[in-house]
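Enquirer: mind looking at a prediction? Sequence and model below.
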Amino acid sequence: MNCLGIEQIKQGKVTIDVGDIASGVAVSIVGEIDMQDPSVVLDPLFSRIHKGVMDAGLKTVDFDLRQLTFLNSSGIKAIAKWIMSLAIAPADKKYVIKIIQNKAISWQTTSLPTLTFLVPGAVQIA
Amino acid sequence: MPLESEEGDGYIELKFGPRWKYIAVVRAFIQNFLVIGFPDDARADKIAMAASELLENAVKYATGEETRIKVGLSAKSGDVDISVSNKASPEAIAGLKSMWDTVMAGDPLGAYVQMMREAATRSDGKSQLGLVRIRYETGGAMKLKIEGNLVTIALKCAKDPSVSA
């Protein structure tokens, strides 16, 4: 179990794991996000991560999407909503979301970098 | 949308009752169809994504059963044409017309980022990001055609993106 107490999520074709790293937490998504309303799964998860990371004073979330083979626009909305929540976070609670992409998956190389434009300094792409 | 019929060209046309559970199957089918026609997996990925987003819209907003998707590729130019047609209510058509202007305004990246910011604040469960995502990520030329209650959204992806953009 990770420091945020979040258990593995399996929903349809996607599996989400949260783990601990030295500077914060790691969130990995494996599979496809192509359900009609992924916000049902993703919004509560990202909200819990956001609150937990700020409460714990952590500074980094590694967001590992290397094995995410498809992401629909509703899933992008959920991620954007999480990122946008950093815009209103108190300065001393802010953290960085480091997206780990897979350059062999072509949509990732065009979709994911756009997320860095939402909130300056909130997202990095590796 | 007429498709070229030169020797060596290929096309598929599917008509189906729009159900969410079929979208992933159609996406994979289109991707495989395109990969047979040209060995550019990256472009096939993007076009399959576009098809998937258009079909998601059809499932969400279409009335009736007659959703059609056509995909054609030109052996000569390497261009790919894709279109999705479905019937829609007057309310849905009005909403699409209104959103279309926002999607097509300004540069593709700027429009996409702005609509992502707006989507993040929506509480109605909609993202309304599909069309603007297609515009930015494929670099293709998009057209909206409305005939009565029939809506057709067409996308042309040139082999050389500078041609269709």
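Expert: The structure has been received and is ready for your questions.

Enquirer: any regions of chain B where pLDDT drops low?
Expert: Scanning chain B with the threshold set as pLDDT under 70 gives B:1-8, B:160-165.

Enquirer: check it for its longest helix and report it.
Expert: Taking DSSP state H as the assignment, the helix of chain B that covers the most residues is helix B:41-61.

Enquirer: do that helix and chain A come into contact?
Expert: Yes: contact check for helix B:41-61 against chain A, using Cβ under 8 Å from any Cβ of the partner chain: residues in range are B:41-43, B:45-46, B:49, B:52-53, B:56, B:59-60. The way it works is simple: take the backbone N, C-alpha and C, and place the C-beta from them, glycine included.

Enquirer: then stretch B:18-36?
Expert: Yes: judged by Cβ under 8 Å from any Cβ, stretch B:18-36 and chain A are in contact via B:20, B:23-24, B:27.

Enquirer: CA-only coordinates of that stretch in CSV, if you can.
Expert: Output for stretch B:18-36, consisting of C-alpha atoms alone and laid out as CSV, is shown next (Å, rounded to 0.1, in the frame of the first residue of the first chain):
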residue,chain,number,x,y,z
PRO,B,18,-24.2,3.5,-32.9
ARG,B,19,-23.3,1.6,-29.8
TRP,B,20,-20.4,2.4,-27.5
LYS,B,21,-19.2,-1.2,-27.4
TYR,B,22,-18.5,-1.3,-31.1
ILE,B,23,-16.2,1.8,-31.2
ALA,B,24,-13.0,0.0,-30.2
VAL,B,25,-13.7,-2.7,-32.7
VAL,B,26,-14.2,-0.2,-35.5
ARG,B,27,-11.1,1.8,-34.5
ALA,B,28,-8.9,-1.3,-34.7
PHE,B,29,-10.5,-2.3,-38.0
ILE,B,30,-9.8,1.1,-39.5
GLN,B,31,-6.3,1.1,-38.2
ASN,B,32,-5.6,-2.3,-39.7
PHE,B,33,-7.2,-1.2,-43.0
LEU,B,34,-4.9,1.8,-43.2
VAL,B,35,-1.7,-0.1,-42.3
ILE,B,36,-2.4,-2.4,-45.2
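
Enquirer: quick check on the residues of stretch B:18-36 next to chain A: which are buried?
Expert: For those, a neighbour count by 16 or more other Cβ atoms under 10 Å in any protein chain shown gives the buried set as B:23-24, B:27.

Enquirer: of the residues you listed, closest to chain A?
Expert: Of all these, chain A sits closest to residue B:24, with 5.7 Å by Cβ to the nearest Cβ.

Enquirer: now the closest one: closest residue in space, sequence neighbours ignored.
Expert: Distances taken as Cβ to Cβ, 6 or more residues apart in numbering or on different chains put residue A:34 closest to residue B:24, at 5.7 Å, once the chain neighbours are dropped.

Enquirer: ok, back up a step: restricted to buried residues, select the residues of helix B:41-61 next to chain A in ChimeraX.
Expert: Here is the ChimeraX command that selects the buried residues among these (16+ other Cβ under 10 Å):
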select /B:43,45,46,49,52,53,56,59
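
Enquirer: in a markdown table: the residues of helix B:41-61 next to chain A, plus distance to residue B:117.
Expert: Listed next are these as a markdown table, based on distance: Cβ to Cβ, whole Å:
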| residue | distance to residue B:117 |
| --- | --- |
| B:41 | 31 |
| B:42 | 27 |
| B:43 | 28 |
| B:45 | 26 |
| B:46 | 23 |
| B:49 | 21 |
| B:52 | 23 |
| B:53 | 19 |
| B:56 | 21 |
| B:59 | 25 |
| B:60 | 21 |
